[in-house]
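Colleague: coords please:
(one chain, ligands or ions: 2)
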Amino acid sequence: MRVLGIETSCDETSAAVLEGTGNEIRMLSLVILSQDVHRIFGGVVPELASRAHLTAVVPVVRQALADANSSLEELDAVTVTYAPGLVGALLVGVSFGKALAHGLGIAVLGVHHMEGHLFAPSLEAADARPPFTALLVSGGHTMIVDVAAWGEYRLLGATRDDAAGEAFDKVAKLLGLPYPGGRHVESLARSGDPARHRFTRPMLRRDQRPGDPDYLDVSFSGLKTAVLHAVRDAERRGELDEAERAHIARGFQDALVETLVEKTGRAARQFGRQRVVLGGGVACNGALVAAMRDRLAADGVEVHAPSPRLATDNAAMIARAGIFRLERGERSGLDLNAYAAMPLPGLVDDGAR
Ligand code: KG4
Ligand code: ZN
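Modeller: Ligands and ions are numbered 1, 2, ... in the order given. A predicted model of the protein is given here:
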């Protein structure tokens with residue numbers, strides 16, 4: 001089947017055309033338009049995001065069809081992110097997707113954004129398939145998910161406060177770096193000395209055991225406060241120069257990465273998984289991917305990190321997850337709506353957490 005994917009949950013307007021069935025799925029095109037307007041506000045402004053999606057959605061879909069050499073009539077279905085995200089932003093994609101599918105007389109299916117992230121690495125690596133442990137780390141989410149099979153998920157851990165990307169963005173702001181700050185913190189950290197600031201690893205203690213509520217959860221607000229104090233101390237001493245900012249960035253990144261690697265490793269061990277799949281914008285972080293590969297290789301665990309285009313928000317992952325569900329006979333009605341929050345579909349709750 002040939003499927004159009006649409007993604008408008010945050011500040012990327014994206015469309016993709018995928019073709020195939022089962023595990024044999026090809027990406028014919030992927031267009032991602034990142035909204036630049038939020039940079040000057042230091043964060044995503046929901047109303048501006050909705051407006052930018054409205055202007056962009058038609059040309060972005062047209063471009064995706066042109067790149068795929070596809071006409072609208074060759075499409076079998078439209079898949080669109082319907083949750084979670086900014087409601088006004090999601091509504092643009094959902095309304096457009098429903099209208100397009102209705103006009104063409106084809107199926108429409110709402111796709112959960114986080115399920116999309118689980119599928120993204122499989123578009124590049126045939127081996128990135130269940131069973132695996134997933135670490136999804138973006139500006140809005142931090143989740144550790146056990147994926148026994150496609151559509152069969154256990155939410156093992158989540159953040160108690162800030163998402164990993166949010167922590168990067170806030171620390172970037174403290175260090176005077178532009179928004180979104182993740183990649184700027186990463187490049188500043190490269191010249192930092194890891195021994196200068198050894199921040200406490202959040203939610204990481206040796207006495208934690210499987211079944212403890214904090215064994216797999218994370219929390220980054222304490223780390224962010226520690227960074228704030230380090231910045232203020234250096235400022236007071238008149239030593240907040242480029243080198244000191246790099247040391248702080250390095251200390252922050254090391255602490256965050258070590259926590260994420262340890263928690264993901266724990267989840268993989270607990271379920272005996274040999275594969276780990278990463279997703280979300282923070283999966284673009286080279287230090288995180290390298291540390292994950294380094295530490296988990298000893299247990300024979302293979303780590304799949306998607307390329308930046310597929311790690312960050314994109315419509316190809318939505319179409320990919322959509323094809324899986326369309327093949328199971330799932331369809332949405334024209335009453336499909338957008339939701340800011342929604343649990344992952346296919347959650348198994350067997351008290352394993
Ligand atoms: O998945 P994504 O594109 O959008 C959301 O759904 O949030 O993730 C964006 C987040 C931002 O917080 C950004 O700072 C972070 O991903 N990010 C990074 C890197 N590249 C993007 N964080 C750390 N290191 C990076 N290289
Ligand atoms: Zn995302």
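Colleague: how about the residues of the stretch 201-350 of the chain near ligand 2?
Modeller: Asp313 (CB under 5 Å from the ion). Heads up, the C-betas are built off the backbone N, CA and C, glycines and all.
Colleague: Confirm Ala16 sits in a helix?
Modeller: No - using DSSP: H, G, I helix; E, B strand; the rest coil, the assignment for Ala16 is strand, not a helix.
Colleague: List the contacts of it.
Modeller: 4-5, 27-31, 64, 314-316, 318-319 (CB atoms under 8 Å, 6 or more residues apart in numbering).
Colleague: Same check on Gly322?
Modeller: Gly322 neighbours (CB under 8 Å, 6+ apart): 3, 5, 77, 79, 109, 111.
Colleague: Can you classify it as helix, strand or coil?
Modeller: Once three-state DSSP is applied, Gly322 turns out helix.
Colleague: mind listing the helices for this protein?
Modeller: 46-67, 87-104, 113-119, 164-174, 182-189, 221-236, 242-271, 286-297, 308-311, 315-327 (DSSP state H).
Colleague: burial of Asp241, as a residue count?
Modeller: 9 (other CB atoms under 10 Å).
Colleague: ignore the last one, Ser332
Modeller: Count around Ser332 with other CB under 10 Å applied: 21.
Colleague: Ser14 now?
Modeller: If we define neighbours as other CB under 10 Å, then Ser14 has 29 of them.
Colleague: Low-confidence bits of the stretch 201-350 of the chain, can you list those?
Modeller: 350 (pLDDT under 70).
Colleague: Spatially central residue for the protein, please.
Modeller: Gly280 (2.0 Å; CA atoms, centre = their mean).
Colleague: List the contacts of that one.
Modeller: Counting by CB under 8 Å, 6+ apart, Gly280 has contacts 117, 136-139, 141, 164-165, 311-312.
Colleague: confidence score at Ala167?
Modeller: Per-residue confidence (pLDDT) for Ala167: 97.
Colleague: Nearest spatial neighbour of it, chain-adjacent residues omitted?
Modeller: Phe220 (3.9 Å; CB to CB, 6 or more residues apart in numbering).
Colleague: hang on, the earlier thing: and the residue nearest to the centre of the chain, how far is that from Met317?
Modeller: 11 Å (CB to CB, to the nearest Å).
Colleague: Ok, Ala291 next?
Modeller: With CB to CB as the criterion, Ala291 and Met317 are 24 Å apart.
Colleague: Comparing these two, which shows the higher neighbour count?
Modeller: Met317 (34 against 19).
Colleague: List the residues that contact the more buried one.
Modeller: Contacts of Met317 (CB under 8 Å, 6+ apart): 5, 7, 116-117, 119-120, 123, 310.
Colleague: got the contact list for Asp299?
Modeller: 265, 268-269.
Colleague: And the residues you listed, which of them are buried?
Modeller: When the contacts of Asp299 are checked for burial by 16 or more other CB atoms under 10 Å, the buried set is 265, 268.
Colleague: possible to save the contacts of Asp299 as a markdown table with distance to ligand 1?
Modeller: Formatted as a markdown table, these follow (distance: CB to the nearest ligand atom, whole Å):
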| residue | distance to ligand 1 |
| --- | --- |
| Gly265 | 19 |
| Ala268 | 22 |
| Arg269 | 25 |
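Colleague: And the contacts of Asp299, which is closest to Val92?
Modeller: Ala268 (37.5 Å; CB to CB).
Colleague: and Arg154, how many neighbours does it have?
Modeller: Arg154: 21 neighbours (other CB under 10 Å).
Colleague: Kindly report the same for Gly43.
Modeller: 15.
Colleague: Go ahead and confirm it touches Pro178.
Modeller: No - counting by CB atoms under 8 Å, Gly43 sits too far from Pro178 to count as a contact (11.6 Å).
Colleague: Find the closest residue to ligand 2 in the stretch 1-150 of the chain.
Modeller: As assessed by CB to the ion, ligand 2 sits closest to Ser138 within the stretch 1-150 of the chain, at 4.3 Å.
Colleague: quick one: contacts for the closest residue in space to Leu118 that isn't next to it in sequence?
Modeller: The spatial neighbour of Leu118 that comes closest, neighbours along the chain excluded (CB to CB, 6+ apart), is Ala134 at 5.5 Å. If you count contacts by CB under 8 Å, 6+ apart, Ala134 has them with 117-118, 143-147, 276-279.
Colleague: ok, 7 Å please
Modeller: Each residue near Ala134 by CB atoms under 7 Å, 6 or more residues apart in numbering is listed here: 118, 145, 147, 277, 279.
Colleague: Tell me how far Ala16 lies from Ala134.
Modeller: Counting by CB to CB, the gap from Ala16 to Ala134 is 21 Å.
Colleague: How about His184?
Modeller: Taking CB to CB, one finds His184 at 26 Å from Ala134.
Colleague: Equivalent analysis for Ala126, please.
Modeller: Distance from Ala126 to Ala134, by CB to CB: 17 Å.
Colleague: From ligand 1, how far out is Gly140?
Modeller: 5 Å (CB to the nearest ligand atom, to the nearest Å).
Colleague: which phi and psi does the residue lying closest to that residue once chain neighbours are set aside have?
Modeller: Spatial nearest neighbour of Gly140, excluding adjacent residues (CB to CB, 6+ apart): Ala163 at 5.5 Å. With angles defined as degrees, to the nearest 10, Ala163 sits at phi -70, psi 160.
Colleague: Repeat that for Arg328.
Modeller: Torsion angles, degrees, to the nearest 10, at Arg328: phi -90, psi 10.
Colleague: what's near enough to touch Phe160?
Modeller: One correction, residue 160 is Arg, not Phe. 217, 219.
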